[in-house]
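1. fold the following, please.
(one chain, ligands or ions: 1)
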Amino acid sequence: QPYGRVFNFSAGPAVLPVEVLEQAQADLLNWQGSGMSVMEMSHRGKEFQSIIDGAEADLRALLAIPDNYQVLFMQGGASSQFSAIPLNLSAEGDTLDYIVTGSWSKKAAGEAKKYGKVNVVATGDNKSVPDPSSWKLSPDAKYVHYCDNETIQGVEFKAPPVVGDKVLVADMSSNFCSKPVDVSKYGLIYAGAQKNIGPAGVTIVIVRDDLIGNSRPSTPVMLDYKVQADDKSMYNTPPCWAIYMCGLVFAKMRRDGGLAAVQQANEKKAKVLYDAIAGSNGFYSSPVDAAARSMMNVPFTIPANADLEKEFVSQAAKHSMIQLKGHRSVGGMRASIYNSMPLDGVQQLANFMKEFAVNSA
Ligand code: PLP
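-> Numbers count the residues shown, from 1 in each chain. As a prediction, this is how the structure comes out:
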């Protein structure tokens, strides 16, 4: 790997494209002749304005975001959106629908309970998306929230949930920009940057115009979508560096053929890994049903001998494949294969899995 880099299978913060890191390195001391790095320039200056405008324009082009949606660059991580969403989209006492398919949607629902009457539409079994025929949508919910890809469990929706005329709200933190998405099906999409699109510190919120402007009076100003939209994400000092880095990633994705090409590459990588699990004669096992397997986060176990899992993780690290330990709440292994993980890295992991299984037999 260039620069002695490892293959980083972390669930986030995650790997970024080398080309982008090189660009950032070149810009670090002097961004485009401005005599400053992006970290040093005024966010009110024309230089940074061109950076944030470019980032937004490229994201709009990538996702074909309709004109009646705002793109907000917010702070506080995706976790802050767990509170911002009920505060902006509902009034006290309103019913809020949550589909719970894993740890992150459970957390989002838990936070929303502070602000409204949370109705859990369905609870998953951590290995599948619950059958829509069992969902108990409430007739009067202000919105239906779900997590498109559960980073810890590796459970991903293959299509947006069908919720009739209800406002659909999606946490896409761990699969944002991994594939084309029909934004018009959503009232709001949010995603922390640090998996697929940039460094931690910026959270993208894509929100439909009619959902802006009804925040509760108690909403912290920084979480108010109207304030952020009116001030073009610059009510206060924005995370300039993180936005700049996301801009470089968006531009690269466009150069590389857009989200259809990204999806194709991601499908190929995920297939290599799931095939390695399936072809291991039961040595490895995927805890997730085939229909809900994530293209981004691939958990797997060694069912016959869980003691070997620790050994697997430490031996892989010796071969420059790091961060393969499963989340502490579920154990096993997890390979996160976000956009910037090259196919080479996944192939190397699949080869290592094969060797490890043979050597452990
Ligand atoms: N939602 C999902 C699906 C995540 O994977 C994460 C973080 O891993 C979060 C929300 C929380 O994001 P943040 O750390 O940006 O608050």
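2. now do the helices in the stretch 251-361 of the chain.
-> Per DSSP state H, counting those that start in this stretch, the stretch 251-361 of the chain has helices spanning 258-278, 307-318, 343-360. These are given in chain order.
3. could you say which one of those comes nearest to the ligand?
-> Taking Cβ to the nearest ligand atom, helix 258-278 is the member of these nearest to the ligand, at 16.4 Å. The C-beta positions use only the backbone N, C-alpha and C, and glycine is treated the same way.
4. just checking, residue 185 touches residue 160?
-> Yes. Counting by Cβ atoms under 8 Å, residue 185 touches residue 160, with 4.9 Å between them.
5. circling back to that earlier point, in JSON lines: the helices of the stretch 251-361 of the chain, plus mean pLDDT and distance to residue 2.
-> Formatted as JSON lines, the helices of the stretch 251-361 of the chain follow (pLDDT from 0 to 100; distance: least, Cβ to Cβ, whole Å):
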{"stretch": "helix 258-278", "mean pLDDT": "98", "distance to residue 2": "19"}
{"stretch": "helix 307-318", "mean pLDDT": "97", "distance to residue 2": "19"}
{"stretch": "helix 343-360", "mean pLDDT": "97", "distance to residue 2": "11"}
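6. ok, back up a step: which residues do residue 185 and residue 160 both contact?
-> Both residue 185 and residue 160 are contacted by residue 168, under the criterion Cβ atoms under 8 Å, 6 or more residues apart in numbering.
7. in this protein, which spans are strands?
-> According to DSSP state E, the chain carries its strands in the segments 7-8, 69-74, 95-100, 117-123, 144-147, 149-150, 155-156, 168-171, 188-192, 203-208, 297-300, 321-322, 333-336.
8. and those as TSV, adding mean neighbour count?
-> Putting those into TSV (neighbours: other Cβ atoms under 10 Å) gives the following:
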stretch	mean neighbour count
strand 7-8	22
strand 69-74	22
strand 95-100	23
strand 117-123	18
strand 144-147	27
strand 149-150	28
strand 155-156	27
strand 168-171	24
strand 188-192	26
strand 203-208	24
strand 297-300	27
strand 321-322	18
strand 333-336	25
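9. which one of the ones you listed lies closest to the ligand?
-> Using Cβ to the nearest ligand atom as the measure, strand 188-192 is the one of those that comes nearest the ligand, at 3.0 Å.
10. what mean pLDDT does the closest one have?
-> Looking at strand 188-192 alone, the average pLDDT works out to 99.
11. parallel or antiparallel, which strands does that strand pair with?
-> Strands flanking strand 188-192 in the sheet, each with its direction: strand 168-171 (parallel), strand 203-208 (antiparallel) (DSSP bridges).
12. give the rounded mean pLDDT of the shortest one.
-> This predicted structure assigns strand 168-171 an average pLDDT of 99.
13. residue contacts, residue 8?
-> Going by Cβ under 8 Å, 6+ apart, residue 8 touches 14-15, 322-323, 341.
14. want to throw those residues into TSV with pLDDT and distance to the ligand?
-> Formatted as TSV, the contacts of residue 8 follow (pLDDT from 0 to 100; distance: Cβ to the nearest ligand atom, whole Å):
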residue	pLDDT	distance to the ligand
14	96	10
15	95	15
322	98	17
323	97	13
341	98	16
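15. for these, give me CSV that also has distance to residue 106.
-> Putting these into CSV (distance: Cβ to Cβ, whole Å) gives the following:
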residue, distance to residue 106
14, 22
15, 27
322, 28
323, 23
341, 27
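16. got the strands of the chain as JSON lines, with distance to residue 107 columns?
-> Putting the strands of the chain into JSON lines (distance: least, Cβ to Cβ, whole Å) gives the following:
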{"stretch": "strand 7-8", "distance to residue 107": "24"}
{"stretch": "strand 69-74", "distance to residue 107": "18"}
{"stretch": "strand 95-100", "distance to residue 107": "10"}
{"stretch": "strand 117-123", "distance to residue 107": "12"}
{"stretch": "strand 144-147", "distance to residue 107": "9"}
{"stretch": "strand 149-150", "distance to residue 107": "11"}
{"stretch": "strand 155-156", "distance to residue 107": "15"}
{"stretch": "strand 168-171", "distance to residue 107": "10"}
{"stretch": "strand 188-192", "distance to residue 107": "13"}
{"stretch": "strand 203-208", "distance to residue 107": "15"}
{"stretch": "strand 297-300", "distance to residue 107": "16"}
{"stretch": "strand 321-322", "distance to residue 107": "26"}
{"stretch": "strand 333-336", "distance to residue 107": "18"}
